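Enquirer: Have a look; sequence and predicted model below, questions after that.
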Amino acid sequence: MKQIDSEILTRCQSGDKAAFHIVVQTYQQMVWSLALRMLCDVEEAKDATQEAFIKVWVNIRRYDGSSSFSTWVYSIASRICLDRMKKTKRLVPLPDDETVLREYATVNDPQRQLENGEWVAILRLLSDNLSDKQRLVFTLSHLEGLDSTEISAITGMDAKQIKSNLYVARQTIREQLKRLGYE
Amino acid sequence: MNKTIDDILAGLENQQPVLHDADKLTEQIMMNLPDIQLDATDKKVVARQRQGIGKAEVIINIVRVVSSVAAMWLVGLFAYTFVDTPDNGNEEKAIAKVYINTSNEPSSLCGTLKVAYKNHTEKKTKSLYSLWKEYKKSNI
């Protein structure tokens, strides 16, 4: 995870917006990526990113350095995503989502980068039967590549809860892919 | 279908969605940031702190005035009580008038003062100074 200079954080804590501009530039991609994978909507992910950074700014003086700054930002962003997921309707896969996955699966090019629309379609399809917590743990662990200690600091879950949520999430996604004809 | 389940999951793991209009989003975020110094919550906290400091200052000033007055009063009382007045018959008036009602509680006097007290039983009230004078005459 990216880390920011402590001097910049100190400047932010004293109300320096120019310093916070650097913070936003450093962590914007990270927060937006998490939001997109959780919310499966490009515009809502942008709104959630904006909300997350405003919350980071307002509460930045409460950051005590007990965890890394990126972990703290992640925890704020993930809470916002969970809140938004509760408020919005449950995501239902669209008929075209399966087509997008099939196209992705047939192209055997490891260099191929998914477009944001493709990300949304594939994750909407794969995470259809996941709970919010399972989705968060799967996203943080499998897609963001964080270890269980970091996930624990972000979500507040203990190692056992993380392990069980991750196991169920993986099994559910595998079953979903099997139903769609993948082996 | 070429990719297996593991290939699909591994493929997703190895890439990130890309935010194309990052600068625009950054500007939007920066424009919507509230002023951290003028935040409503902070204002309340600062106002409460100021109120608290104001109250504390008033209390401290009251305590200062009261303790100063008390100290001055005690010094005055001390000077008034133990002033060394000339022995001209008016000393009893010049010294603090702490009277003991001997007719009520004669047994409360003790030691040598009891002797002095007995020599003055004809009087109903006596000052401490007169008792001390009597004691001096008989013992020193």
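Expert: Arrived safely, thanks for sending.

Enquirer: all contacts plus neighbour counts: C-alpha atoms, from now on.
Expert: OK.

Enquirer: ranges for the strands of chain B?
Expert: For chain B, applying DSSP state E gives strands covering B:99-101, B:125-127.

Enquirer: Quick one: low-confidence residue ranges for the chain.
Expert: All of this is about chain A. In the predicted model of chain A, residues A:1 satisfy pLDDT under 70.

Enquirer: my bad, chain B
Expert: B:1-2, B:37-54, B:83-126, B:128, B:131, B:135, B:138-140.

Enquirer: That one against chain A: which residues are in contact?
Expert: B:1-5, B:8, B:11-19, B:22, B:25-26, B:28-30, B:32-37 (Cα under 8 Å from any Cα of the partner chain).

Enquirer: doesn't residue A:19 make contact with residue A:26?
Expert: No - contact criterion Cα atoms under 8 Å: residue A:26 and residue A:19 do not qualify, at 11.0 Å.

Enquirer: Return the residues of chain A in contact with chain B.
Expert: A:15, A:17, A:21, A:24-25, A:28-29, A:32-33, A:46, A:50, A:53-54, A:57-58, A:102, A:105-108, A:110, A:113-116, A:119, A:142-145, A:174, A:177-178, A:182-183.

Enquirer: where exactly do the helices run in chain B?
Expert: B:5-13, B:22-31, B:40-81, B:91-94, B:111-118, B:128-139 (DSSP state H).

Enquirer: Next, count neighbours for residue B:73.
Expert: Residues within reach of residue B:73, counting by other Cα atoms under 10 Å in any protein chain shown, total 12.

Enquirer: One more: residue A:95?
Expert: 10.

Enquirer: ok, the closest residue to residue A:49 other than its chain neighbours - contacts?
Expert: The shortest distance from residue A:49 to any non-neighbouring residue, by Cα to Cα, 6 or more residues apart in numbering or on different chains, is to residue A:32 (5.5 Å). Residue A:32 sits next to A:45, A:46, A:48, A:49, B:19 when contact means Cα atoms under 8 Å, 6 or more residues apart in numbering or on different chains.

Enquirer: top of those by neighbour count?
Expert: Result: residue A:49 is most packed of these (other Cα under 10 Å), 30 neighbours.

Enquirer: isn't that residue right up against residue A:76?
Expert: No - using Cα under 8 Å, residue A:49 is not in contact with residue A:76, being 10.0 Å away.

Enquirer: between the two, what contacts are shared?
Expert: Residues touching both residue A:49 and residue A:76 (Cα under 8 Å, 6+ apart): none.

Enquirer: didn't residue A:81 look like it was pressed against residue A:39?
Expert: Yes - judged on Cα under 8 Å, residue A:81 makes contact with residue A:39 at a distance of 6.8 Å.

Enquirer: Without its sequence neighbours, what residue ends up closest to residue A:74?
Expert: According to Cα to Cα, 6+ apart, the nearest residue to residue A:74 is residue A:154 (6.3 Å).

Enquirer: Pull the contacting residues for the one you found.
Expert: A:71, A:72, A:74, A:75, A:78.

Enquirer: Most neighbours out of these, which is it?
Expert: residue A:74 (24 neighbours).

Enquirer: all helices of chain A, in order?
Expert: Using DSSP H, helices in chain A cover A:6-13, A:17-39, A:42-58, A:69-87, A:95-106, A:116-126, A:132-138, A:148-155, A:159-179.

Enquirer: now the angle from the longest one to helix B:22-31?
Expert: Angle between the axes of helix A:17-39 and helix B:22-31 is 120 degrees (criterion: axes from the mean of the first three to the mean of the last three Cα atoms, to 10 degrees).

Enquirer: what does the fourth one give?
Expert: Computed by the same axes, to 10 degrees, the angle separating helix A:69-87 from helix B:22-31 equals 90 degrees.

Enquirer: what's in contact with helix A:69-87?
Expert: So helix A:69-87 is contacted by A:1-4, A:27, A:31, A:34-35, A:38-39, A:48-49, A:51-52, A:55-56, A:63, A:132, A:136, A:150, A:153-155 (Cα under 8 Å, 6+ apart).

Enquirer: what about the spatially closest residue to residue A:52 that is not a sequence neighbour, distance to residue A:155?
Expert: Closest residue in space to residue A:52, ignoring its immediate chain neighbours: residue A:77 at 5.2 Å, by Cα to Cα, 6+ apart. For residue A:77, the distance to residue A:155 (Cα to Cα, to the nearest Å) stands at 10 Å.
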